[in-house]
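Asker: structure of the sequence below:
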Amino acid sequence: MRINILSGRTLRGFMESEKSGGLVLIVCTIVSILLANSSWIGEQYRGIWEFGVGSHSIAEWINDGLMAVFFLLVGLELIQEIYEGELSNIKRAMLPISGALGGMLVPAGIYMFLNHGTPTLSGFGIPMATDIAFALGILSLLGNRVPTSLKVFLTALAVIDDLGAIIVIAIFYTSSLSWVSLLMALGIFVLLLLLNKKFHVNNMIPYIVGGIVMWYFMLNSGVHATIAGVLLAITIPFKKREKRCMSNRWQHFLHYPIAFGVLPLFALANTAMIIEGNWDQSIGEPFAQGILLGLIVGKPIGITLFSFIFVKTGICALPRGINWKGLLGAGMLGGIGFTMSIFITLLAFDDIHYINESKLMILLASLASGIIGYTWLNFVMKKERERIS
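Answerer: Residues are numbered from 1 along each chain as shown. Just a heads-up that it's a prediction; the model follows:
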């Protein structure tokens with residue numbers, strides 16, 4: 001997610017961690033699906049995630065609790081990019097903003113067109129998301145043949161994409177509201193904001209305690225609890241050009257536990273599903289077609305088309321090192337959904353058939369997008385090197 005391009009070394013380190021995180025997610029997904037469908041321990045394995053701890057199952061604690069920490073990291077990285085990164089300059093930011101906008105609207109439009117008047121229309125948000133760990137992991141396989149500017153574009157696009165998904169979740173995937181709990185959560189948010197902006201409190205304890213309490217009230221408000229993670233990120237003290245500010249320290253501390261702990265657990269818990277023998281018949285259903293076409297076709301078309309329109313109207317320009325063929329390849333990798341797509345699936349549907357089959361379609365679409373994007377970019381980069389030489 002982070003673009004921090006203060007040095008090539010910083011970007012290389014980030015790319016390597018995302019590549020490793022993406023590989024871990026792939027392994028966890030494969031292992032979880034195999035275990036869940038094993039005739040020996042499949043039932044016991046699935047039962048682990050359904051086991052109740054208090055008022056929630058283990059899977060629900062991961063999705064409502066640990067994923068709030070993931071959203072906290074997303075928020076921290078978004079704040080940094082707004083102040084210091086690719087999003088700090090509006091002219092430079094407009095290209096990934098336009099690409100992200102198209103990459104959300106076109107897939108959602110395709111899904112809504114195919115599911116209009118059906119019970120699965122609520123899944124329109126599923127093909128809107130891009131999984132940055134997987135996308136950057138695939139991109140990194142191409143090595144230094146890929147220009148840094150293209151890596152930065154894809155990373156910035158995914159950050160904005162995450163923000164869009166957060167807004168969609170907050171607006172469209174909110175159940176009946178408990179106004180008392182919501183106002184309590186927002187009141188704590190304002191209090192933490194005052195601690196930062198008015199009283200300049202730089203001790204992390206009040207923010208940790210306040211964040212936990214805000215998460216509790218958000219959990220009981222009807223608005224998804226993970227939104228508390230983003231709100232907490234906004235309140236954390238951030239200072240430009242100061243690497244040791246609290247926000248940067250939290251990012252540094254959270255990045256690896258989330259990449260190698262929270263997200264793998266999320267993958268294990270949410271891919272522990274039974275693949276039915278006639279799963280291929282689901283491909284003909286509107287929700288499955290919406291997910292597959294939205295991610296595989298809608299993402300690259302939306303990202304490229306909107307970027308093209310914004311560039312041709314003079315709102316932004318292509319950075320040095322990026323051409324339209326390369327940008328199309330980045331758009332293809334944008335079709336790798338996974339984490340956020342699965343997360344939205346859990347909010348969109350109650351029917352276990354739709355949930356499991358949607359997860360499977362997300363995996364298929366992400367696999368296809370990764371293969372197509374890698375093959376295309378590999379071909380484009382080879383042609384570019386031959387032309388130069």
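Asker: hang on, Val311 in a helix?
Answerer: Yes - checked against DSSP: H, G, I helix; E, B strand; the rest coil, Val311 lies within a helix.
Asker: how many neighbours does it have?
Answerer: Using other CB atoms under 10 Å, Val311 is surrounded by 17 other residues. Using the backbone N, CA and C atoms, a C-beta is placed for each residue, glycine as well.
Asker: in the stretch 1-150 of the chain, which spans are strands?
Answerer: Along the stretch 1-150 of the chain, the stretches classed as strands by DSSP state E, counting those that start in this stretch are 52-53, 56-57.
Asker: the first one packs against which elements?
Answerer: Same thing as strand 52-53. Helices and strands touching strand 52-53, by 3 or more CB pairs under 8 Å, 6 or more residues apart in numbering; DSSP states H and E: there are none.
Asker: so what touches it?
Answerer: Contacting residues not belonging to strand 52-53 are listed as Trp61 [CB atoms under 8 Å, 6 or more residues apart in numbering].
Asker: let's see it at 10 Å
Answerer: Applying CB atoms under 10 Å, 6 or more residues apart in numbering, the contact partners of strand 52-53 are 58, 60-61.
Asker: in TSV, list those along with pLDDT.
Answerer: What follows is those, written out as TSV (pLDDT from 0 to 100):
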residue	pLDDT
Ile58	97
Glu60	95
Trp61	96
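Asker: one step back: figure out which of the strands of the stretch 1-150 of the chain is closest to Leu23.
Answerer: With CB to CB, the closest approach to Leu23 among those belongs to strand 56-57: 27.8 Å.
Asker: any idea of the mean pLDDT for that closest one?
Answerer: In this model, strand 56-57 has an average pLDDT of 94.
Asker: quick revisit: need the contacts of strand 52-53 in CSV (columns: distance to Ala330 and neighbour count).
Answerer: Putting these into CSV (distance: CB to CB, whole Å; neighbours: other CB atoms under 10 Å) gives the following:
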residue, distance to Ala330, neighbour count
Ile58, 36, 16
Glu60, 35, 17
Trp61, 35, 18
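Asker: just the closest of those to Ile48, please.
Answerer: Closest to Ile48, out of all of those and judged by CB to CB, is Ile58, at 6.6 Å.
Asker: list the buried residues of stretch 253-260.
Answerer: Residues of stretch 253-260 classed as buried by neighbour count (16 or more other CB atoms under 10 Å): 254-255, 258-259.
Asker: export the residues you listed to TSV and tack on pLDDT and distance to Gly109?
Answerer: Listed next are the buried residues of stretch 253-260 as TSV, based on pLDDT from 0 to 100; distance: CB to CB, whole Å:
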residue	pLDDT	distance to Gly109
Leu254	93	34
His255	88	34
Ile258	91	31
Ala259	88	32
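Asker: now, which of those residues lie within helices?
Answerer: 254-255 (DSSP state H).
Asker: want to throw the buried residues of stretch 253-260 into CSV with distance to Ile362?
Answerer: Shown next, in CSV, are those (distance: CB to CB, whole Å):
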residue, distance to Ile362
Leu254, 25
His255, 24
Ile258, 20
Ala259, 20
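Asker: follow-up on the earlier one: from the contacts of strand 52-53, which single one is nearest Ile291?
Answerer: Among those, Glu60 lies closest to Ile291 (CB to CB), at 23.1 Å.
Asker: any idea which helix is longest in this structure?
Answerer: Max-length helix for the chain by DSSP H is helix 352-388.
Asker: returning to that earlier point: let me have the strands of the stretch 1-150 of the chain in JSON lines, extended by distance to Val201 and mean neighbour count.
Answerer: As requested, the strands of the stretch 1-150 of the chain are arranged in JSON lines below (distance: least, CB to CB, whole Å; neighbours: other CB atoms under 10 Å):
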{"stretch": "strand 52-53", "distance to Val201": "33", "mean neighbour count": "10"}
{"stretch": "strand 56-57", "distance to Val201": "32", "mean neighbour count": "16"}
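Asker: so which of these is nearest Leu34?
Answerer: Leu34 sits nearest to strand 56-57 of all these, at 21.4 Å, using CB to CB.
Asker: quick check: neighbours of the closest one in the sheet, parallel or antiparallel?
Answerer: Sheet partners assigned to strand 56-57 using DSSP bridges are listed as strand 52-53 (antiparallel).
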